[in-house]
Structure formats: C-alpha cells, structure tokens
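> Got a sequence here, can you model it:
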Amino acid sequence: MLLVIDTGNTNTTLGVFNGDELVTHWRLTTARVRTVDEYGVYARNLFEFAGIDYKAITAVVIASVVPPLNYTLKRMSEVYFNLTPLMIDHTTDMGLEILYNPPSDVGADRLVDAVAAIHKYGAPCIVVDFGTATTFNAIDAQSRYLGGVITPGISISSEALFQRAARLPPVEIKRPESVIGSSTIGSMQSGLYYGFVGLVDGILRRMLEELGSSTRVVATGGLASLIATGSELISTIDGTLTLEGLRLVYERQVISDG
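Numbers count the residues shown, from 1 in each chain. The predicted model follows:
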C-alpha cells in the first residue's frame with residue numbers, strides 16, 4: 001500500500017492507496033511546530049481509526065510547499081514507517097515538460113495536479129486549486145506545464161477584511177441566498193463569495209482565450225466544492241486530484257527504476 005502526503009500552508013492531506021484505489025484520506029491542519037513524533041502519532045492514530053495496518057505501507061510519497069516541514073515529514077516516514085519517502089519537486093521525473101521560469105519556483109502540488117489532470121481529463125486543461133492561495137495552472141495541448149496565475153485565497157481575503165476594518169466581524173464563508181445582503185454579515189458573505197467567483201471566472205475567461213475554448217477546467221483543493229459550484233466555467237470538481245497525482249508520479253518512478 002502507498003501513503004501519499006500533500007502538505008500545504010493551511011492543510012496537510014494524507015491518502016492511502018491500494019493499487020490505484022484510494023482506500024481512505026484525511027485532512028489535517030498544517031502545523032510547522034509539530035515534531036517528528038507528533039506527526040508520527042497522528043499518522044498511526046489515523047491508521048488505527050481506519051482499521052489499516054500501518055505495516056502494510058510499502059512506500060511514502062510527499063509533496064510539500066512548506067520547506068520547514070520537509071525534514072520533519074521525511075524523518076516521520078523513516079521513524080514510524082521505516083521507509084525513505086519520495087520527496088517530489090521540479091527535478092522529479094513526472095513525464096511533464098515544465099516551461100515555468102525557473103522550474104524550481106513551481107510548487108510540487110501544482111505539478112502533481114497537472115500530472116493527474118492530464119491523466120484523468122486530457123490536455124489542454126486548467127487546474128484551479130483552492131487552497132491558502134488560489135492557483136490557476138495551465139497545461140497546453142502538448143501536455144506542457146505553461147504556468148498560470150496565483151491569487152490570495154478566499155480565506156486570506158476574509159481574514160484581511162476582518163483585521164483591517166474595525167467594525168466588520170469575522171464571518172463564515174458560504175454562498176448567500178441573495179447577492180444583495182440585508183445585514184452586515186450577509187453583505188460581507190456576498191462580497192466574499194460572489195466577488196471571489198467573479199475573480200475566478202474573470203481569470204478563467206482570459207486563460208481560455210489563450211488556451212482555447214475547448215480547454216477543460218478542473219477544480220480541486222479544500223474550498224473547491226464551495227466556490228466551483230458558483231462558477232460558470234469550471235466543469236469538474238476533483239477533491240482528490242493531488243493525491244492521485246502523487247500516486248501517478250510514484251508509479252512512474254517505480255517503472256523507470258525497475
């Protein structure tokens with residue numbers, strides 16, 4: 001069985017694959033101060049709760065955009081699973097031509113998203129990943145990673161609004177029933193939700209002008225199901241796209257090493 005770990009700035013997602021089947025997955029808060037042992041105990045407890053023997057794990061793959069945690073997660077894999085993990089970065093053989101400049105600046109999660117999207121949905125495609133930042137990733141008809149767009153995520157926008165405006169309270173991010181808010185909270189929710197949906201569709205329209213109108217748009221990330229349902233241009237929501245990409249990259253490595 002394969003353990004895949006996607007570490008973002010806000011959340012860390014773990015998934016367990018048995019062959020190409022995603023058996024289970026979990027989403028945790030990313031905590032830079034957690035130790036090797038704390039992450040190990042969390043992982044072991046999750047396995048126990050799911051009724052999976054951690055000793056059945058034969059490989060670990062990690063994509064991280066939080067450099068301070070790279071060593072922690074690597075050591076956690078070594079100490080608690082007795083395995084040296086495959087750490088994904090731009091130098092990993094993914095079968096993906098990267099045209100970003102420099103390639104080292106592309107987050108590992110963005111690359112494995114592209115690998116999975118090409119495999120599952122074909123090219124050209126755009127992957128919108130709703131995380132701490134919202135990233136728009138463009139793959140052309142030749143399956144080359146072109147680059148994309150990075151914007152603040154909706155949670156960052158919400159926090160900034162609350163922190164910088166003294167009379168505005170923190171609000172739950174959700175889709176309001178009406179665009180016109182009849183209260184301060186309703187008005188804020190409308191501005192955050194519909195403002196962000198407008199941002200997403202505005203960027204996608206410009207990207208589709210460059211890539212072609214037949215380009216498939218796929219959404220993933222923690223807030224994908226919330227935001228993508230309001231979009232006119234997102235055709236597919238795939239919440240486990242990054243985990244699938246990690247599995248595909250690992251399988252490619254096994255084939256090339258074998």
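> beta partners for Ser64?
As for beta bridges, Ser64 partners with Thr7 under DSSP bridges.
> whoops, I mixed them up, Thr135
Listed beta-bridge partners, Thr135: Asp129, Ile150 (assigned using DSSP bridges).
> That one: how many residues sit nearby?
Here the number of neighbours of Thr135 (other C-beta atoms under 10 Å) works out to 22. Yep, even glycine has a C-beta here, placed from its N, CA and C like the rest.
> Verify the stated contact: it with Gly147.
No - counting by C-beta atoms under 8 Å, Thr135 sits too far from Gly147 to count as a contact (10.1 Å).
> in stretch 219-226, what's buried?
Of the residues in stretch 219-226, 219-224, 226 count as buried by neighbour count, 16 or more other C-beta atoms under 10 Å.
> Just the terminal-to-terminal distance for that stretch.
Taking C-alpha to C-alpha, to the nearest Å, the first and last residues of stretch 219-226 lie 10 Å apart.
> now stretch 133-153
Start-to-end span of stretch 133-153 (C-alpha to C-alpha) is 4 Å.
> and it, how far from the chain's centre?
Shown here is stretch 133-153, whose average C-alpha point lies 12 Å from the average C-alpha point of the whole chain (C-alpha atoms, centre = their mean, to the nearest Å).
> in that stretch, what counts as buried?
Residues of stretch 133-153 classed as buried under the neighbour-count rule (16+ other C-beta under 10 Å) are 133-140, 143-149, 153.
> can you tell me which two in the residues you listed are farthest apart?
Distance extremes for the buried residues of stretch 133-153: the farthest pair is Ser143 and Gly153 at 27.2 Å, using C-beta to C-beta.
> so who does the spatially closest residue to Phe81 that is not a sequence neighbour touch?
Sequence neighbours aside, Ile57 is the residue nearest to Phe81 in space, at 5.3 Å (criterion: C-beta to C-beta, 6 or more residues apart in numbering). With contacts defined as C-beta atoms under 8 Å, 6 or more residues apart in numbering, the neighbours of Ile57 are 1-3, 16, 81, 83.
> Please, where are all the helices along this structure?
Assigned by DSSP state H, the chain shows helices spanning 36-50, 67-81, 108-121, 154-164, 184-211, 224-228, 241-257.
> And these: which comes nearest Glu21?
Across the helices of the chain, closest to Glu21 is helix 241-257 (C-beta to C-beta), at 9.8 Å.
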